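[1] from the sequence below, what's the structure:
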Amino acid sequence: MSVPKTSLSALGEAEYEGWLLVQTGASKKGGDWKKRWSVVANFALYHFENKEASAQAVGFVPLPSYTTASAHDVKQDFAFALEHPSARSYVLAAGTLDQ
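    Below is the predicted model of the structure:
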């Protein structure tokens, strides 16, 4: 799935925004973690390398087609998965429970 060319400022009002760790790689059990400014807006999760208004999205997940699941097998606190039956799944982690 390609990432739409969207700047942070073009998203408008966000339902959520904050730092999340995003696991790279296709497996729940492997891959590096990258810290991304993450925004939920327009029924999608967008990832940015920073939180400057001019930042361009580097990641995109259309949320209505995904479900959330626990990610207990991941060695990160507050980790969760976004799963899809026929597309790539994602593993993310917040720094705190409140995030």
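[2] please name the nearest non-neighbouring residue to V74.
    Closest residue to V74 apart from its sequence neighbours, by C-beta to C-beta, 6 or more residues apart in numbering: V91 at 5.8 Å. Heads up, the C-betas are built off the backbone N, CA and C, glycines and all.
[3] beta partners for that neighbour?
    A81 (DSSP bridges).
[4] what about it, distance to L82?
    V91 sits 8 Å away from L82, going by C-beta to C-beta, to the nearest Å.
[5] comparing these two, which shows the higher neighbour count?
    V91 (25 against 19; other C-beta atoms under 10 Å).
[6] in contact with the more buried one, which residues?
    For V91, the contacting residues are 22-23, 28, 31, 71, 74, 79-82, by C-beta atoms under 8 Å, 6 or more residues apart in numbering.
[7] lowest-confidence member of those residues, which is it?
    The member of these with the lowest pLDDT is K28, at 52.
[8] quick one: secondary structure of A93?
    Following DSSP: H, G, I helix; E, B strand; the rest coil, the label given to A93 is strand.
[9] again but with A10, I slipped
    helix.
[10] just give me the neighbour total for it.
    Around A10 there are 13 residues (other C-beta under 10 Å).
[11] tally of neighbours for E15?
    11.
[12] just to revisit the earlier point, if I look at the residue nearest to V74, how far off is L8?
    23 Å.
[13] now F48
    6 Å.
[14] now the common contact residues for those two.
    37, 39, 55, 57.
[15] who wins for neighbours among those residues?
    Neighbour max across the shared contacts of F48 and L8 (other C-beta under 10 Å) = V39, 23 neighbours.
[16] any idea what that residue is bridged to?
    Partner residues in beta bridges with V39, using DSSP bridges, are E17, Y46.
[17] so what's it up against?
    Per C-beta under 8 Å, 6+ apart, neighbours of V39: 8, 11, 14, 16-17, 45-46, 48.
[18] again with L11
    Contacts of L11 (C-beta under 8 Å, 6+ apart): 39, 41-42, 46.
[19] just the buried ones among these, please.
    The neighbour-count test (16 or more other C-beta atoms under 10 Å) marks 39, 41, 46 as buried among the contacts of L11.
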